[in-house]
Structure formats: C-alpha cells, structure tokens
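K.L.:
show me how the following folds:
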Amino acid sequence: MKKAGSAILTGIFYILFVGVHGQNPTHYPSTEHDPVHFNAVNIIVFIIIPIAIVVGFYLIRRNNRKKVNKER
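P.N.:
Numbering: from 1, shown residues only. Predicted structure coming up:
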C-alpha cells in the first residue's frame with residue numbers, strides 16, 4: 001500500500017511539474033533581438049570592468065593574507 005501511494009504521489013508531482021514548467025512564458029520579450037554589439041562602451045562595461053573587479057579582489061585577498069601571515 002505504501003509503495004502504491006508513493007507511486008501515485010510521484011505521478012501527480014510529475015504531471016504537475018510538466019504542466020507548470022512546460023508552458024511558454026508570455027511576459028518575456030522575444031528572443032529575436034541581435035546580440036550585443038562590440039563598441040567601446042560595451043567592451044568597457046562587459047569585459048574590462050568585470051576583469052578589473054576580479055583582479056582587484058584577488059590582489060586585495062592576497063595582500064590581506066600576507067598581512068595575517070606576517071602577524072603570526
């Protein structure tokens with residue numbers, strides 16, 4: 001009896017999952033837009049700034065670790 005109830009419950013969850021996630025959203029914009037063009041502003045915003053943030057974070061962490069190791 002327990003296995004049958006579990007199987008029925010699993011089937012119901014599967015049907016609900018497919019029904020809910022199988023719908024096409026109507027509130028999202030269409031995907032027919034062109035990709036981002038490479039001009040100076042987009043290169044700076046989407047490539048250079050993120051790389052600078054990652055490198056800066058790495059350097060700050062490295063300096064903090066050196067300070068902590070010197071204090072020990």
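K.L.:
any idea how far the longest helix along the chain is from the chain center?
P.N.:
Using DSSP state H to define each element, the chain has its longest helix at helix 49-71. Here the centre of helix 49-71 is set off from its chain's centre by 24 Å, with Cα atoms, centre = their mean, to the nearest Å.
K.L.:
could you export the helix or strand containing residue 3 as PDB, CA atoms only?
P.N.:
Residue 3 is part of helix 2-21 when elements are defined by DSSP states H and E. Extracted in PDB, the C-alpha atoms of helix 2-21 (Å, rounded to 0.1, in the frame of the first residue of the first chain):
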ATOM      1  CA  LYS A   2       2.800   2.400   0.800                       C
ATOM      2  CA  LYS A   3       4.600   1.800  -2.500                       C
ATOM      3  CA  ALA A   4       1.300   2.300  -4.400                       C
ATOM      4  CA  GLY A   5       0.600   5.600  -2.600                       C
ATOM      5  CA  SER A   6       4.200   6.700  -3.200                       C
ATOM      6  CA  ALA A   7       3.900   5.900  -6.900                       C
ATOM      7  CA  ILE A   8       0.600   7.800  -7.300                       C
ATOM      8  CA  LEU A   9       2.100  10.800  -5.500                       C
ATOM      9  CA  THR A  10       5.200  10.700  -7.700                       C
ATOM     10  CA  GLY A  11       3.000  10.600 -10.800                       C
ATOM     11  CA  ILE A  12       0.900  13.500  -9.600                       C
ATOM     12  CA  PHE A  13       4.000  15.600  -8.900                       C
ATOM     13  CA  TYR A  14       5.400  14.700 -12.400                       C
ATOM     14  CA  ILE A  15       2.200  15.700 -14.100                       C
ATOM     15  CA  LEU A  16       2.200  19.000 -12.200                       C
ATOM     16  CA  PHE A  17       5.900  19.600 -12.900                       C
ATOM     17  CA  VAL A  18       5.500  19.100 -16.700                       C
ATOM     18  CA  GLY A  19       2.300  21.200 -16.700                       C
ATOM     19  CA  VAL A  20       3.800  24.100 -14.900                       C
ATOM     20  CA  HIS A  21       7.200  24.100 -16.500                       C
END
